[in-house]
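Participant: predicted model follows, preceded by the sequence.
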Amino acid sequence: MKSFKLLLFVTLLLFSNLFNAFAQQDSPVYALDKINEALGNFNAKYLAYQSAVAHGSKLRKCEKKRQEMLTQLDNSRYAISEVPYYKGDKSLHQSTIAYLKLVSDVLNENYQKIVNLEDIAEQSYDAMEAYILLRKKVDEKMEEAGKQKHEKVLEYCLKQNITLTADNADEDNNKMKKVSDVMDYYNKIYLAFFKCRVQESNFMDAMEKKNVIAMEQSKSAITKYALESLDSLNTLKSFNGDGALKLACKNALEFFKKEAASSAALTDYFLKEEDFDKIKKSFERNAKAQEDQTEIDKYNKAIDELNKSLASFNATNEKLNKGRQETYKNWNAAITAYMDTHVPYAK
């Protein structure tokens, strides 16, 4: 008799739990929580992908995380489609699935364009600016879609008399907004740096080819852009009290200015070398000149001047190389510190 009562009690308990489960599902809050859970799973993968990109990985190297993000996006859409409607109200489901569909379209349609631009962005300032602008537009589309989705959530809560409180979805949205703000600030400073870096690269190429005209053109551009960028940085505030990245950029720009101002010793050597080659050829062809002490003295003087110019070239070049190495080391360290401080690593 006791065993029968125990069996009856367990059976009743099971029916009670089953009833409670159905009761929970037949609730506007249940639908909202399950949808937020699905969105939270996608947001976590999206933040992990954005974190990898922010911390210096090329987009192509982040492909695994990107695929994980897209897979989770699809899984979240499927999960939401299986959440029961509350009293036939489809608005929250439809708006959230539409949001994820838009996000999927934005990420897929623009991804290859961004990758292609990233591949050529280092070649010119215009290409880098176009690359950053496209990524910013994608972020803006994502942010606008998020706002529209949030409005639909508020409408649903108002209709179902739900008091909305802070949840994981809000926290994730705040994190994504913070990452966007961090990257916007970084891009402003990076473009100020990059504008001069491109011209410095052109200067180095011209120097390798001993092209004095191209060196002078790049020198003028470096000076001009360094001054313009320094002016623009003067009006830019620090990021949440962190001015280290801005300071590193200013120091780099000051080095670029110094580099341009020191270039006279470099171009002077190439000009003297060109003149000496002419003198040497003329002297070696002229047998009489080789027996004329006055001509010999002129030739020897040209050699001395060339050697002095070469010594100045080497000293200046060595000093600039050391300064350049230190500048880029500090600049890269500042970027790493900025990202580590403001964009947490996510898995």
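Facilitator: Everything's here; your move.
Participant: going forward, measure contacts and count neighbours with C-alpha atoms only.
Facilitator: OK.
Participant: the helices in this structure, which residues?
Facilitator: Listed in chain order, the helices of the chain (DSSP state H) span residues 2-25, 28-54, 63-81, 91-121, 125-159, 168-208, 212-234, 244-261, 264-285, 287-291, 293-342.
Participant: would CSV of these with mean pLDDT and mean neighbour count be doable?
Facilitator: Rendered in CSV, the data for those read as follows (pLDDT from 0 to 100; neighbours: other C-alpha atoms under 10 Å):
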stretch, mean pLDDT, mean neighbour count
helix 2-25, 39, 12
helix 28-54, 86, 20
helix 63-81, 89, 18
helix 91-121, 83, 17
helix 125-159, 85, 16
helix 168-208, 86, 18
helix 212-234, 95, 18
helix 244-261, 96, 21
helix 264-285, 88, 16
helix 287-291, 78, 12
helix 293-342, 92, 15
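Participant: from Ala264, how far off is the closest residue to Ile132 other than its chain neighbours?
Facilitator: Take Ile132 and drop its neighbours on the chain: the residue closest to it by C-alpha to C-alpha, 6 or more residues apart in numbering is Asn187, 7.2 Å away. Distance check for Asn187 against Ala264: by C-alpha to C-alpha, to the nearest Å, it reads 33 Å.
Participant: can you check Ala287 too?
Facilitator: Computed as C-alpha to C-alpha, the Ala287 to Ala264 distance reads 35 Å.
Participant: over to Tyr86?
Facilitator: Taking C-alpha to C-alpha as the criterion, Tyr86 is separated from Ala264 by 77 Å.
Participant: next: Phe276.
Facilitator: 18 Å.
Participant: now Leu92
Facilitator: In this structure, Leu92 and Ala264 are 68 Å apart, going by C-alpha to C-alpha.
Participant: got the contact list for Tyr99?
Facilitator: Contacts were defined as C-alpha atoms under 8 Å, 6 or more residues apart in numbering; by that measure Tyr99 touches Ala145, Gly146, Lys149.
Participant: so how far is stretch 330-347 off the chain centroid?
Facilitator: When distances are taken as C-alpha atoms, centre = their mean, to the nearest Å, stretch 330-347 is centred 11 Å away from the chain's centroid.
Participant: typed the wrong thing, it's stretch 110-120
Facilitator: Centroid separation for stretch 110-120 versus its chain: 13 Å, with C-alpha atoms, centre = their mean.
Participant: what residues does it touch?
Facilitator: Outside stretch 110-120, the residues touching it (C-alpha under 8 Å, 6+ apart) are Leu59, Arg60, Ala127, Met128, Ala130, Tyr131, Leu134, Arg135, Val138.
Participant: and stretch 213-222, by the same measure?
Facilitator: Stretch 213-222 is touched from outside by 196, 199-200, 202-204, 206-207, 256-257, 260-261, 263, 267, with contacts defined as C-alpha under 8 Å, 6+ apart.
Participant: and Glu155, how close does it get to Glu143?
Facilitator: Spatial separation of Glu155 from Glu143 under the definition C-alpha to C-alpha is 19 Å.
Participant: can you check Glu63 too?
Facilitator: Shown here: Glu63 relative to Glu143, a distance of 22 Å by C-alpha to C-alpha.
Participant: now swap in Lys152 and tell me
Facilitator: From Lys152 across to Glu143, the span is 14 Å (C-alpha to C-alpha).
Participant: and Lys136, by the same measure?
Facilitator: Distance from Lys136 to Glu143, by C-alpha to C-alpha: 10 Å.
Participant: quick test: name the residue nearest the centre of the chain.
Facilitator: Ala54 (5.7 Å; C-alpha atoms, centre = their mean).
Participant: report the contact partners of the closest residue to that residue other than its chain neighbours.
Facilitator: On the basis of C-alpha to C-alpha, 6+ apart, the spatially nearest residue to Ala54 that is not a chain neighbour turns out to be Met339, at 6.8 Å. Contacts here follow C-alpha under 8 Å, 6+ apart; on that basis Met339 touches Ala54, His55, Val182.
Participant: Lys224: which of the contacts of stretch 110-120 is nearest?
Facilitator: Nearest to Lys224 among the contacts of stretch 110-120, counting by C-alpha to C-alpha, is Met128 at 18.9 Å.
Participant: that closest one touches Ala121, doesn't it?
Facilitator: Yes - the criterion here is C-alpha atoms under 8 Å, and Met128 meets it with Ala121 at 4.2 Å.
Participant: and stretch 198-217, end to end?
Facilitator: The first residue of stretch 198-217 is 13 Å away from its last residue (C-alpha to C-alpha).
Participant: run the chain-centre distance for that stretch.
Facilitator: A distance of 27 Å separates the centroid of the chain from that of stretch 198-217, by C-alpha atoms, centre = their mean.
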